[in-house]
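> Sequence and predicted structure are below.
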Amino acid sequence: MLKVEQISKKFTDGDTSVQVLKDVSLEVETGELVAIVGPSGSGKSTLLSIIGALLSPSDGRVSINKEDISTYSSKNLSAVRLNKIGFIFQSSNLVPFLTVENQLLLVRDMKKNRDRKSKERASQLIYDLGLSHRSTSQINQLSGGEKQRVAIARAFMNDPDLILADEPTASLDSERGRKVVEMLSKEVKEKNKAALMVTHDERMLEVCDRVLYIEDGRIKS
Ligand SMILES: Nc1ncnc2c1ncn2[C@@H]1O[C@H](COP(=O)(O)OP(=O)(O)O)[C@@H](O)[C@H]1O
Ligand SMILES: [Mg+2]
């Protein structure tokens with residue numbers, strides 16, 4: 001489903017440059033939740049941003065469903081982001097003054113179809129993630145765990161083929177964190193998605209199908 005081939009990334013600032021990713025290759029199959037583990041600064045977020053079409057690689061290729069997105073224009077990349085990829089970030093990146101329900105409908109607005117079906121899907125996701133009592137609450141009234149569940153619901157809203165999560169449990173206690181990863185796993189299995197999750201938390205790894213280790217910009221076997 002996802003194929004990353006020999007990705008390199010170099011950041012240049014004036015006359016200094018840092019090689020953050022070196023020849024990274026990996027694959028994630030449909031139905032798999034794969035974890036990425038590695039020390040701080042090893043290039044995990046950079047890798048996820050490249051896979052998620054937020055950043056372009058200096059070298060190498062990323063294919064989603066056999067479509068090579070590395071050559072896409074920025075307009076096509078934003079379509080890929082909207083239609084094929086769901087993001088969950090550590091700091092949930094929610095709009096503080098919107099209600100839970102409107103937060104989910106916002107991604108649909110971007111697709112210009114805030115219709116009855118979208119509302120039904122939003123309500124279903126809100127229910128599935130145990131947020132029904134919070135549906136009309138503003139984001140800044142929610143706890144950390146609730147916010148992170150809204151971020152997950154939002155990532156699922158457009159029914160993306162690929163879900164990318166960057167330390168989604170970092171702000172949660174271990175019980176809530178585990179629930180979040182289990183939800184991710186359930187969505188992947190039941191709906192035949194692929195997911196890649198960066199985590200620091202060893203306890204989450206048993207919920208994942210496979211673990212990749214990254215160190216100093218390289219995948220270790
Ligand atoms: N835009 C950037 N410009 C320069 N260096 C960057 C940039 N983004 C990340 N880096 C550097 O790349 C390295 C890897 O960062 P990152 O991918 O965020 O690591 P991780 O998520 O594993 O902690 C770090 O040394 C970081 O300082
Ligand atoms: Mg990071």
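Now that the structure is in, tell me what you want to look at. Treat the numbers as computed from the prediction; the structure is a model and nothing was measured. Numbers count the residues shown, from 1 in each chain. Ligands and ions are numbered 1, 2, ... in the order given.
> CA atoms for contacts and neighbours, from now on please.
Will do.
> so who does L129 touch?
Contact partners of L129, counting by CA atoms under 8 Å, 6 or more residues apart in numbering, are R149, V150, A153.
> Report all helices and strands that the helix or strand where the second one lies contacts.
Think V150. Assignment of secondary structure by DSSP states H and E places V150 within helix 144-157. Here helix 144-157 touches strand 85-88, helix 100-110, helix 116-128, going by 3 or more CA pairs under 8 Å, 6 or more residues apart in numbering; DSSP states H and E.
> Export the lengthiest helix in the chain to CSV, keeping only CA atoms.
Longest helix in the chain, counting residues (DSSP state H): helix 174-191. As requested, the backbone C-alpha atoms of helix 174-191 are provided in CSV (Å, rounded to 0.1, in the frame of the first residue of the first chain):
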residue,chain,number,x,y,z
SER,A,174,-0.7,4.8,29.6
GLU,A,175,-4.2,3.5,29.8
ARG,A,176,-5.6,6.3,27.5
GLY,A,177,-2.5,5.9,25.3
ARG,A,178,-3.2,2.3,24.8
LYS,A,179,-6.8,2.9,24.0
VAL,A,180,-5.7,5.3,21.3
VAL,A,181,-3.4,2.8,19.7
GLU,A,182,-6.0,0.0,19.9
MET,A,183,-8.5,2.3,18.1
LEU,A,184,-5.9,2.8,15.4
SER,A,185,-5.3,-0.9,15.1
LYS,A,186,-9.1,-1.6,15.0
GLU,A,187,-9.6,0.9,12.1
VAL,A,188,-6.7,-0.6,10.2
LYS,A,189,-7.9,-4.2,10.6
GLU,A,190,-11.6,-3.6,10.1
LYS,A,191,-11.4,-1.1,7.2
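> Perfect, I'm done here.
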